[in-house]
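>>> Structure for this input, please:
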Amino acid sequence: MSITSGFEGREALAEEVPDCPLRHPERQPHQNACARCAYNRAHPGNAVIGCFVRTPYPVYEAALKGLAERAPDDRRELDLLLTGNQSLGSQNAEAAKRWLDLAQRWFAALPPEGDDAEREVAIIIARFARAYLETRKPVQLLA
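Model (predicted):
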């Protein structure tokens with residue numbers, strides 16, 4: 001089981017990107033186009049699909065546990081966001097800003113040798129919340 005974050009409607013986005021590997025996934029195409037794709041927010045500049053990302057559930061659980069221990073108020077804020085603001089569509093700039101603020105606080109509170117699970121989840125939230133604010137293309141966070 002995994003938790004997905006990324007752009008919604010990836011099929012339509014794939015039509016905008018020349019040589020997008022999501023156009024014909026059955027062909028097992030190369031991912032070179034992803035290195036220059038504006039929608040690659042998970043792995044920018046790398047030849048890896050990054051318009052969405054799947055976080056393994058144990059990583060997600062560990063991250064939430066760490067956040068609860070480190071910043072209980074932020075964990076409560078995350079719970080509120082998870083109950084209705086996971087999908088950011090055309091009218092969700094305020095929710096996207098809340099997600100981004102939470103991710104930035106979370107990341108800033110991590111010690112340099114901090115937990116990789118927390119770091120991974122905070123970065124993914126920040127990148128896709130920022131992607132929504134920059135593009136206004138619908139995204140899904142931790143769904």
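
>>> Tell me the secondary structure at Glu120.
helix (DSSP: H, G, I helix; E, B strand; the rest coil).

>>> Next, the residue lying closest to it once chain neighbours are set aside: secondary structure please.
Nearest residue to Glu120, sequence neighbours excluded (CB to CB, 6 or more residues apart in numbering): Val59, at 6.2 Å. Using the backbone N, CA and C atoms, a C-beta is placed for each residue, glycine as well. Assigned by three-state DSSP, the conformation of Val59 is helix.

>>> Gly66 versus Val59, what's the distance?
11 Å (CB to CB, to the nearest Å).

>>> Between the two, which contacts overlap?
Here Val59 and Gly66 have Ala117 as joint contacts, going by CB atoms under 8 Å, 6 or more residues apart in numbering.

>>> With neighbour numbers in mind, choose between these two.
Gly66 (21 against 18; other CB atoms under 10 Å).

>>> Residue ranges in the protein under the pLDDT threshold?
Within the chain, the ranges that satisfy pLDDT under 70 run 28-29, 90-91, 114.

>>> show me where it has strands.
Assigned by DSSP state E, the chain shows strands spanning 2-7, 52-56, 87-88, 139-140.

>>> most neighbours per residue, which of those strands?
Across the strands of the chain, averaging neighbours per residue (mean count of other CB atoms under 10 Å) puts strand 139-140 on top, at a mean of 24.

>>> Name every strand pairing with that strand and say which way it goes.
Within its sheet, and counting by DSSP bridges, strand 139-140 is paired with strand 2-7 (antiparallel), strand 87-88 (antiparallel).

>>> Centroid-wise, who is the farthest residue in this structure?
Seen from the C-alpha centroid of the chain, the residue lying at the greatest distance (CA atoms, centre = their mean) is Arg27, 25.9 Å away.
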